[in-house]
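Colleague: I'd like to go over a predicted model; first the sequence, then the structure.
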Amino acid sequence: MKIPLPQLEQLMHMTARIEAKRGDGSISRGTGFFFNFCVQSDGRFVPAIVTNKHVIDGSDRGLINFTMAQEGELVLGGHFTAEFEKFGESWLRHPSDGIDLAVLPLNQFLDAFKDKARKPFWTPLHMDMIASPELLDDLGPIEDIIMVGYPIGLWDAANNAPIFRRGITATHPRLNLDGNPQFLIDCACFPGSSGSPVLLANIGSYVDKNLDVHIGSTRIALLGILWGGPQYTARGEVISVPVPTSANQVTESRIPSNLGYCIKSSELRWFESEIARRVAFGG
């Protein structure tokens, strides 16, 4: 049963806080978001979580927090932590070394709740939410964005709710930054934000690239996924590194610039094709 929520409130329930535990005792914390792949006309689809490879690489066990629904009603404050074995092995990874994306299909996880009244709840994104070429062409170089996730591992633990950050695009999201399918945002990017969805957030009004004002209109679309950011060292060198997944990984010799690299959301289309190849829905 679909639980109706106001469009903006849905954004509270589209992410998941991830902890990936490795054999050496280290813990990687990051952000994932829910995404429905291969949506069929009869309502079938493949539910999944999207995050960065570097969040889950090398992990033996994983913890993901899920909000709950009881008899079709969202239970705020009702959530649980699911533990996954062989965590790092379970993810489908983008084949390109330069595309730091991984996807965890959730079909088998959801099968355990088929006959139960109490079930996990989230509001997923889907392919129609990916910024289209037409939308990107209509954007200017400076657009309002929001990033949803768990910076420094922070969250509303009582309600299993994420932290929202505001920012702007720092390079045009239509262009490939340095020839790669990514763009830059001006937003505070802290450890734990890896894998955060970055959305165009024109709420209530916006100005298009021709400076025409659109009052009473809202545009929300998935522009990209945060993976890293430029930092500069004590020697004055500028380097590009993944957003750390643990606060203690940030040394004093590397200083964040409050800029973030985002993989273009269009790169999720590879997973759509690959999952469609692997899954046979049948007639």
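Modeller: Sure thing, it's come through.
Colleague: packing partners for the longest helix along the chain?
Modeller: The helix spanning the most residues in the chain, taking DSSP state H as the definition, is helix 268-278. Helix 268-278 sits against strand 27-37, strand 46-51, strand 92-93, strand 102-105, with contacts defined as 3 or more Cβ pairs under 8 Å, 6 or more residues apart in numbering; DSSP states H and E. In short, each C-beta sits where N, CA and C put it, glycine included.
Colleague: in that helix, what counts as buried?
Modeller: Neighbour counts using 16 or more other Cβ atoms under 10 Å place Leu268, Trp270, Phe271, Glu272, Glu274, Ile275 of helix 268-278 among the buried residues.
Colleague: Next: stretch 57-71.
Modeller: Buried positions in stretch 57-71, judged by neighbour count with 16+ other Cβ under 10 Å: Asp57, Ser59, Arg61, Gly62, Leu63, Ile64, Asn65, Phe66, Thr67, Met68, Ala69.
Colleague: Reduced to three states, what does the third one come out as?
Modeller: Remark: Arg61 carries the secondary structure label strand [criterion: DSSP: H, G, I helix; E, B strand; the rest coil].
Colleague: and the nearest residue to it once chain neighbours are set aside, what are its bridge partners?
Modeller: Spatial nearest neighbour of Arg61, excluding adjacent residues (Cβ to Cβ, 6 or more residues apart in numbering): Lys21 at 4.6 Å. Beta-bridge pairing of Lys21 under DSSP bridges involves Ile27, Arg61.
Colleague: about what we covered before: farthest-separated two in the buried residues of stretch 57-71?
Modeller: Asp57 and Ala69 (31.8 Å; Cβ to Cβ).
Colleague: okay, the helices and strands packed on helix 268-278 in CSV with mean pLDDT next?
Modeller: Listed next are the helices and strands packed on helix 268-278 as CSV, based on pLDDT from 0 to 100:
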stretch, mean pLDDT
strand 27-37, 95
strand 46-51, 97
strand 92-93, 97
strand 102-105, 97
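Colleague: want to throw those strands into a markdown table with mean neighbour count?
Modeller: Output for these, formatted as a markdown table (neighbours: other Cβ atoms under 10 Å):
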| stretch | mean neighbour count |
| --- | --- |
| strand 27-37 | 24 |
| strand 46-51 | 24 |
| strand 92-93 | 16 |
| strand 102-105 | 22 |
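Colleague: And those: which comes nearest Ile225?
Modeller: strand 46-51 (6.7 Å).
Colleague: Okay, now the sheet partners of the closest one, with direction.
Modeller: Here strand 46-51 has these sheet partners by DSSP bridges: strand 27-37 (antiparallel), strand 102-105 (antiparallel).
Colleague: so Leu104 touches Trp91, yeah?
Modeller: Yes - taking contacts as Cβ atoms under 8 Å, Leu104 lies within contact range of Trp91: 5.1 Å.
Colleague: on that earlier part again, show me which of the buried residues of stretch 57-71 is closest to Ser217.
Modeller: Nearest to Ser217 among the buried residues of stretch 57-71: Thr67, at 30.0 Å, using Cβ to Cβ.
Colleague: which intervals of the protein have sub-threshold pLDDT?
Modeller: Flagging of the chain using pLDDT under 70 yields the residue ranges 1-6, 115, 230-257, 280-283.
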